[in-house]
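Enquirer: quick one: sequence plus predicted model below, questions after.
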Amino acid sequence: DPEDLELKSDWDDDRIVYWQHASDPITWWSFDLLLNKPDWLKEPLGRDVDPGMTWVPLVTFWQVTLDMVFSADVPSGHGHNYGEDAADMWAKILHPEAWTSADTDKLRSLLTSNLEPTK
């Protein structure tokens, strides 16, 4: 979430931001899911991940594989739909000089008006 990038001090050094949704199967998919329980299932599940999510050999691989087909046709902020969140994330990451919340709103509007459904 963009608010996770709120800084308590200046961002002087290089940093890396991993931007992914807990419910984005594309970030979690791997052939390893066929026979190995993934590390990400040992962590607390994201707020938009079914609490019943578990690993079953072969089954979880196919579940995540099929989820990828529909991962962009979800509300912004879930699955592989990063849509309007991009404006907030990049504003927080780059901190452009003299950038205002109005600039972020304008960018968000441009992004959402140009996004086409993936259907």
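Expert: Right, received. Where do you want to start?

Enquirer: CA only for contacts and neighbour counts going forward, please
Expert: Noted.

Enquirer: tell me how far Gln63 lies from Val56.
Expert: 10 Å (CA to CA, to the nearest Å).

Enquirer: so, low pLDDT: which residues of this protein?
Expert: 1-4, 7, 11, 114-119 (pLDDT under 70).

Enquirer: how is it divided into domains?
Expert: 18-80, 83-119 (automatic domain parsing).

Enquirer: got JSON lines for these, with mean neighbour count and distance to Asp10 too?
Expert: Output for these, formatted as JSON lines (neighbours: other CA atoms under 10 Å; distance: least, CA to CA, whole Å):
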{"stretch": "domain 18-80", "mean neighbour count": "15", "distance to Asp10": "19"}
{"stretch": "domain 83-119", "mean neighbour count": "13", "distance to Asp10": "10"}
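
Enquirer: save the ones you listed as CSV, and put in distance to Lys8 too.
Expert: Formatted as CSV, these follow (distance: least, CA to CA, whole Å):
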stretch, distance to Lys8
domain 18-80, 19
domain 83-119, 13
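
Enquirer: between those domains, which one is nearest to Leu5?
Expert: Nearest to Leu5 among the domains of the chain is domain 83-119; the distance by CA to CA comes to 6.2 Å.

Enquirer: which residues sit against the longest helix along the chain?
Expert: Within the chain, and with DSSP state H defining each element, the longest helix by residue count is helix 101-114. Applying CA atoms under 8 Å, 6 or more residues apart in numbering, the contact partners of helix 101-114 are Gly83, Glu84, Asp85, Ala86, Ala87, Asp88, Ala91.

Enquirer: for stretch 41-54, same thing?
Expert: Ala22, Ser23, Trp55, Thr60, His78.
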